[in-house]
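A.B. asks: model the structure of this input:
(chains A and B)
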Amino acid sequence: MSDTPRWRRYLRFWGADPEADIEDELRFHLEMREQEYLAAGLSPEEARRRAAERLGELDEVRAWLRRHDRKKVRRTERVRSAGALLQDVRYGVRRLWQEPAFSAAVIAVLALGIGATAAMFSVVDAVLLRPLPFEQDERLVMLDRVDVPLRYEGERPPRSVPDLTDLDSLRSVFSQHAAYAPGSLNLTGAGAPAHVNVALVTPSFFSTLGVQPALGRPFTAAEGEPGAPRVAILSHGLWQRQFGADPEVAGRSIELNGVRYQVVGVMPPGFAFPAETELWTPLPVPFTFAYWEPFRMYMPTHVIARLAPGVTAAQAGERLLALVRAYREARSPGGELDPEITAASLVRPLRDFLVSQRRTALLVLMGATALMLLIACANVANLLLSRSTTRRREIAVRAVLGATPGRILRQLLVESLVLSLAGAALGIALAYAATGALDALLPARLSGVAPPRVDARVLAFTLAVAMLAAVASGLWPALDAFRADANEAIKSGGPVGGTARGAARLRRAFVSVELALALVLLVGAGVMLRSFVAVLTTDLGLRPERVATLELTLANATHGNLAARREFYRSVLDRLHSVAGIEAAAVVNELPLRGGGAVGFRVSAEGKPPAAGEEQPVALYLRVTPEYFRAMGIPLLRGTTFSSADGGASGPLEVIIDETLARRLWPGEGAVGQRLVLPQGVRTVVGVVANVRVRSVEDEDREAQMYLPFTESAPSYAAIVARGSLPEGALMQHLRDAVRAVDPSQAVYNVRTMEQVIARAIAPRRATTTLITIFGTIALLLAVVGVYGIVAFGVAQRTREIGIRMAMGARTGDVLRLVLREGAVLAAVGAAAGTLGAWMLARVLAGLVYGVSPRDPVAFVLAPAVLIAIALLATLVPARRATRVDPVEALRAE
Amino acid sequence: MSRSNADLLQGTLGLLILKALAGQELHGYGIARWVERATGDVLAIQEGSLYPALRRLEDRGLITSRWALSENNRRARYYALTLAGREHLREDAAVWLRFAEAVTRVLRADPAAV
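C.D. replies: Predicted structure coming up:
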């Protein structure tokens, strides 16, 4: 076969070479003219001169022709190659259509790989890559250790850390700054009463983020003064849902927890910062408890800032660190700063803060999908290789008919591309269906702020992945199919021995790689599953079974005074106590594990002031009614619960502490009866309870906790808890009914079982674990199908050999061993390589696992064992078929 | 199809080429010679424009070309009229003749008679 590329033949239409053709044509013309003049009797010199003269500027003509012809060649080539590509695509589609089962299998495998990758990418893109919906989001930072100035009972407490007013003097570092505090309130006066997520924000909040209301106006500076008229800005979603998208909404009055606010604006769609906020109201500076009170007495305030032009986060961090240090020095000269406080911790890029630890999980999952995609590609390569024997003859025929090697190779790759594009289309559909399910993977602080979606970016990414997959899965099979000796293939007409063996070797290599990659995923899934079991079996310090809860926020207007609130809670509990089947009912100001914060106070033992340099322990503070421990199933280790609902309001003030605090303050002594010093006074310890994981299931710090009688202050935010023998649904309904019976207008929310509360707390881990397990299982299946394919193919190829062996007296067991050995070797090689790979990659799981080592021996032993067992099982099917070979039949064939 | 007179004048060389090819297949030199002979050596083609004009006609699909041996056994590029070219020639020739006739009539007219 000639080596001339096909396009050259097109040039031969004019001749070998367009440039030489131009030369020939012009020379022919000149010579003919010259002869004419010679015939007319001119001298040769004269004839040549006159001929050239008639043609004019020869160089110009030649240059023009060259330019023209070159352009024309390029144009024709483009048209031709586009036509050929189209022809290849048509041919490819037709071929694949002829083998629907094969094509469907390949497309399904690719769709799994590409779809998973696309879906994960949509999440990674939203969380880590795509700009946040703020102006120049990379210039936004989150500040730590900066307070919002507070006015407490008319006075400002002494400052111990910098506050917002200090930032005003750092304009050269932070061009703008704002504080926000998320919470939730009851909304009335617009549609049905609803409980909405509210954020208190300083008026500079919107301009700092660089986002303006789509309707109406932002807050004015005056609206950020204490005592200013109360105003609110709505989210686009809330405006549509509760206000019927009223274009005249600005100026309307609404009530938040019974307090009147005037709507001044609506934010553009998609703006929900901080997480899922539906309504913004001004955060007055200095802040007072009057604003704080409806927010369940607890409200995390955050300070964000925009870096001044040219200032880096690190530089800004140093400036803030100096300021924090100065305050520390002023408070206690010579004191050391907490080692956790660094320039990097004080000023963090906003995205880092929002994403926090989810980054690792997302990257691990993205890596897992990439592995799965690789396995899918290897699997498809394997499937394509299995056809290369049959394809070889067809290719040889085409080669003999004049197709060039490049053209044939391209034809094969186009087939792969058609397959992988079909896979990608299906994969995108899968990814689209999965986006909602992937929400659990989002960092809580980003939920609603940057939702993942399948958009042009994801589509472009998927297209690129599909191209890569086409090459990765198609190149090798194409080259292999191609290596055939054309004459050989046509002449023999039967299976081509030598090269088929080469293909088989290649396929075995692919299957080993698949097994190894699958094992990496499987081990990862094993470690994550073990870790998840560790989470589930963690002793939370409470028993969530048969416990139902609901949350509510009392309006100031109706329950403004302490007596009214006490009366409300008492009535609700009384009703619950009267229900048969409810064993215990109680009220708590902060439900464990609901993801809200709890406040901590520094405490000490009376008569034992902390030694110099010794940190005073911080104890989380919860307010509960006496039955809380019974309702929640928190073991009371020593002493008793509160003597009465108001916790000894008549006698000495009571407190219940957890074992951590007891051990810390009174090691080796009984804590019951001791006196605990709190900022608000001294209390007597009446009981010691187990430590409860209040903040997070995985929190291994075992923060100290203390419980104060709920009724002392009867906060307006509360969770009501009931334990009973009733079915969960009935239990929740009784809770609802009890509140409604006391006050029909009172909104309740988050009515759920305690088990649901915990499930939600571990939902991100569950999602990560589930996904990686699914990926591992799919990978295992794909790899096992690969094993089955190669072994079955081997058996089919060796039917004759097996027949001879059996004719020579080999027994069933011998044949079985012969075939099983092939599968066992594959599995062993794959398992060894995979275990090694998993061992080396284990470190990436370090940030994700809980309670087990990233190199958990159980996972590292079990996963390879499972892999080998299943691979052998897959081998057993073709092996049994081999034992049924009829020697006579086998020998007669061929 | 009506075309402006400027086009017509510019297309004259093309028209001559097409006419030259109407009867036979010719190489570039042959086309030049044919025109000279047909006009009794009155019109000599601008040879510098001949080859670009041939390329343009070929681009427009009015003529085709191929390499063949010439009468004196040399390798030469021969041009031939396509069907489209023949059609084009008929139309353009008609327009040109009408135009020429009009100009001739004007030039022969008695200035006083109009």
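A.B. asks: could you give me the average pLDDT of the helix or strand harbouring A:Glu36?
C.D. replies: Taking DSSP states H and E as the definition, A:Glu36 sits inside helix A:18-39. Helix A:18-39 shows a mean pLDDT of 88.
A.B. asks: can that helix be said to contact chain B?
C.D. replies: Yes - counting by Cβ under 8 Å from any Cβ of the partner chain, chain B is contacted by helix A:18-39 at A:Asp21, A:Asp24, A:Glu25, A:Leu26, A:Phe28, A:His29, A:Glu31, A:Met32, A:Arg33, A:Glu36. Backbone N, C-alpha and C define where each C-beta goes, glycine included.
A.B. asks: now which of the residues you listed would you call buried?
C.D. replies: For the residues of helix A:18-39 next to chain B, a neighbour count by 16 or more other Cβ atoms under 10 Å in any protein chain shown gives the buried set as A:Asp21, A:Asp24, A:Glu25, A:Leu26, A:Phe28, A:His29, A:Glu31, A:Met32, A:Arg33, A:Glu36.
A.B. asks: just to revisit the earlier point, how far does the helix holding A:Glu36 sit from the chain's center?
C.D. replies: 74 Å (Cα atoms, centre = their mean, to the nearest Å).
A.B. asks: and residue 105, how many neighbours?
C.D. replies: Reading this off chain A. Neighbour count for A:Ala105, taken as other Cβ atoms under 10 Å in any protein chain shown: 15.
A.B. asks: sorry, should have said chain B
C.D. replies: 9.
A.B. asks: what residues sit buried inside the one helix or strand it maps to?
C.D. replies: Assigned by DSSP H and E, B:Arg105 belongs to helix B:83-108. Of all the residues in helix B:83-108, those buried under the rule 16+ other Cβ under 10 Å are B:Gly85, B:His88, B:Leu89, B:Asp92, B:Val95, B:Trp96.
A.B. asks: count of neighbours near residue 39?
C.D. replies: Since no chain was named, I'll use chain A. 9.
A.B. asks: right idea, wrong chain: chain B
C.D. replies: B:Thr39: 12 neighbours (other Cβ under 10 Å).
A.B. asks: what's the answer for A:Pro133, then?
C.D. replies: By other Cβ under 10 Å, 18 other residues sit near A:Pro133.
A.B. asks: can you check A:Gly183 too?
C.D. replies: A:Gly183: 19 neighbours (other Cβ under 10 Å).
A.B. asks: do A:Ala761 as well
C.D. replies: Neighbour number of A:Ala761 under other Cβ under 10 Å is 21.
A.B. asks: what's the answer for A:Ser725, then?
C.D. replies: 11.
A.B. asks: quick one, what contacts the nearest residue to it once chain neighbours are set aside?
C.D. replies: Setting aside the residues directly before and after it, A:Ser725 is nearest to A:Gly581 in space (Cβ to Cβ, 6 or more residues apart in numbering or on different chains), at 5.2 Å. Contact analysis of A:Gly581 by Cβ atoms under 8 Å, 6 or more residues apart in numbering or on different chains lists A:Gly724, A:Ser725, A:Leu726, A:Ala730.
A.B. asks: ok, these vs A:Ala322, which is closest?
C.D. replies: For the contacts of A:Gly581, the residue nearest A:Ala322 by Cβ to Cβ is A:Gly724; the value is 57.3 Å.
A.B. asks: contacting residues around the closest one?
C.D. replies: Per Cβ under 8 Å, 6+ apart, neighbours of A:Gly724: A:Arg546, A:Ala548, A:Val579, A:Gly581, A:Ile582, A:Glu583, A:Ala584, A:Leu731, A:His734.
A.B. asks: all set, thanks.
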